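Trainee: requesting a structural model of the entry that follows:
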Amino acid sequence: MKALVTGGAGFIGSNLVESLVDRYDVTVLDNFHTGSMSNLDRVRRDITVIKGSCNDALAFGLFPDVIFHLGIPSSSPMYKSNPLLVGEAVNGTIAIMELAKRSGTKKVVIASSSSLYNSLPTPHREDAAILVTDYYTEARLAIERIAELYRRLYGTDYAALRFFSVYGPHELAKGSYANMISQFMWDMQAGKAPVIYGDGEQTRDFIFVRDVTDGMILAAERGTGVYNLGTGRSYSFNYVVDLLNRKLGTDYKPTYRDNPIKNYVRETQADTSKMKALGFTARWPLEEGIDEILKLA
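Mentor: Reported below is the predicted structural model:
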C-alpha cells in the first residue's frame with residue numbers, strides 16, 4: 001500500500017510518517033516552510049521525500065492508495081499576516097483531491113481544526129453551526145467543503161479531522177507557531193517565565209501527537225466525513241505551567257499580559273462521540289505526554 005503524506009516533514013506529519021513506515025510505502029511531499037528534514041531522521045532511509053508544493057501534486061507521477069493531507073499553512077497568525085494563504089490552502093487541497101480522483105485513491109484524510117468552533121459552547125460537536133471569524137477558519141472550512149464536494153461529485157472518499165490542541169515532539173521548527181505547552185516548556189527550560197495572555201484560566205483540549213496519528217490512521221481505515229480529534233478533557237494554561245514546574249523542578253510564575261487577540265477563544269473541548277464510534281480513544285494523559293516531550297527534549 002502506498003501512502004502520500006503532504007506536510008510530512010512538519011510537526012504532526014513527521015510523527016505520522018514514523019507511525020506509517022511499518023505498514024505503508026510512504027512518500028512525503030513538503031515545501032519545508034515550517035517543516036524540517038531533521039524531523040524525518042529516524043525514517044529517512046525508509047521513505048521518499050519530494051520537496052515541492054501541494055499545488056503541483058499532479059506533476060510527480062504519484063498513485064497513492066491513501067493520502068494524508070497536512071500540507072496546509074497551520075496557524076492563524078500566518079493567515080493574519082498573509083491572507084493569500086487562504087488561496088494556497090484551497091488550491092493545494094483541490095490539487096490533492098484531483099490527484100485522489102485521477103489515481104483512484106481509496107481515502108483522503110485531511111487536517112482540519114477545532115478553531116472552526118471559535119467561541120461556541122463546549123463540548124464542541126461536529127454538527128455545530130460554524131461562524132467564520134478569520135482567514136484561518138475560512139481556509140479550514142473551505143477545504144472541508146471541497147473534500148465533501150469531491151465525494152458528492154466523484155465518490156472520492158475522505159475524512160476531515162478537526163484537530164484540537166496538539167502537542168508533542170518535532171515542534172521545534174514551528175517556533176512561535178508551536179503549541180502553548182511547547183512554548184511554555186521552552187521558555188522555562190531557558191530560564192524565563194512563561195508569558196500568558198489574560199488570566200491563564202483559558203482552557204484547551206490538549207491531545208498528544210501520537211494519539212492524533214493513531215486517529216488519522218483509524219480514520220483512513222474506517223472514517224468518512226468530519227470528526228473531532230481531541231481527548232474530551234480540558235486544562236487551563238495555569239494548570240499546564242504548574243505541571244511543567246513540577247516536572248522541571250522549577251517555580252516560575254507566569255507573566256500575565258493583556259490579551260491583544262481579537263475573537264480570542266476562552267475554552268475548547270471536543271465531543272469525542274463520533275471518533276469513539278470508530279473505535280478511537282485517546283491513550284495519552286496530559287502528564288504522560290509532557291513526560292514524553294521532556295524525555296525527548
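Trainee: number of nearby residues for Ser19?
Mentor: Look at Ser19: counted by other Cβ atoms under 10 Å, it has 18 neighbours. Where C-beta positions appear, they are placed from N, C-alpha and C, glycine not excepted.
Trainee: for the helix or strand of the chain at the bottom of the mean pLDDT ranking, the distance to its chain's centre please.
Mentor: In the chain, no helix or strand scores lower on mean pLDDT, DSSP states H and E than helix 76-81, which sits at a mean of 90. Put simply, helix 76-81 sits 16 Å off its chain's centre (Cα atoms, centre = their mean, to the nearest Å).
Trainee: one more: stretch 202-221?
Mentor: Relative to the centre of its chain, stretch 202-221 is centred 8 Å away, using Cα atoms, centre = their mean.
Trainee: buried residues, that stretch. List them.
Mentor: 202-220 (16 or more other Cβ atoms under 10 Å).
Trainee: again with stretch 21-40
Mentor: Within stretch 21-40, the residues scored as buried using 16+ other Cβ under 10 Å are 21, 24, 26-31, 34-36, 39-40.
Trainee: helices along the protein, start to end?
Mentor: Along the chain, counting by DSSP state H, helices occupy 11-20, 76-81, 85-103, 135-154, 180-189, 209-222, 237-248, 273-278, 286-296.
Trainee: report the angle between the third one and helix 135-154.
Mentor: What it means is helix 85-103. Put simply, helix 85-103 runs at 20 degrees to helix 135-154, going by axes from the mean of the first three to the mean of the last three Cα atoms, to 10 degrees.
Trainee: got the domain boundaries for this protein?
Mentor: 2-165+207-229, 168-204+233-263+284-296 (automatic domain parsing).
Trainee: show me the shaky parts of this structure.
Mentor: 297 (pLDDT under 70).
Trainee: and the residue nearest the centre of it?
Mentor: Phe163 (5.3 Å; Cα atoms, centre = their mean).
Trainee: find the nearest non-adjacent residue to it, please.
Mentor: Leaving aside its sequence neighbours, Phe163 sits nearest to Leu229 (Cβ to Cβ, 6 or more residues apart in numbering; 5.3 Å).
Trainee: pretty sure that neighbour is in contact with Arg162, am I right?
Mentor: Yes: in terms of Cβ atoms under 8 Å, Leu229 counts as a neighbour of Arg162; the distance is 6.4 Å.
Trainee: overlap in contacts, those two.
Mentor: Common neighbours of Leu229 and Arg162, counting by Cβ atoms under 8 Å, 6 or more residues apart in numbering, are Ala270.
Trainee: about what we covered before: I'd like the domains of the chain laid out as TSV, including distance to Ala277.
Mentor: TSV is the format used below for the domains of the chain (distance: least, Cβ to Cβ, whole Å):
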stretch	distance to Ala277
domain 2-165+207-229	9
domain 168-204+233-263+284-296	19
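Trainee: quick one on the thing from earlier: please identify which of Leu229 and Arg162 sits among more neighbours.
Mentor: Neighbour totals were compared for Leu229 and Arg162, and Leu229 leads with 30 against 22 (other Cβ under 10 Å).
Trainee: how close does that one sit to His33?
Mentor: 23 Å (Cβ to Cβ, to the nearest Å).
Trainee: cool, and Leu85?
Mentor: 10 Å.
Trainee: and for Phe63?
Mentor: In terms of Cβ to Cβ, Phe63 sits 26 Å off from His33.
Trainee: just to revisit the earlier point, which one, of the domains of the chain, ends up nearest to Ser273?
Mentor: The stretch from the domains of the chain with the least distance to Ser273 (Cβ to Cβ) is domain 2-165+207-229; that distance is 7.9 Å.
Trainee: end to end, how far does the closest one reach?
Mentor: Distance across domain 2-165+207-229, first residue to last, is 24 Å (Cα to Cα, to the nearest Å).
Trainee: now do the same contact list for the residue located most distally from the centre of the chain.
Mentor: Going by Cα atoms, centre = their mean, the residue of the chain most distant from its centre is Asp251, 30.6 Å out. By Cβ under 8 Å, 6+ apart, the residues touching Asp251 are Asn245.
Trainee: repeat the analysis, applying 10 Å as the threshold.
Mentor: Asp251 makes contacts with 188, 242, 245, as judged by Cβ atoms under 10 Å, 6 or more residues apart in numbering.
Trainee: hang on, the first one packs against Pro194?
Mentor: Yes: counting by Cβ atoms under 10 Å, Met188 does reach Pro194; the two are 6.1 Å apart.
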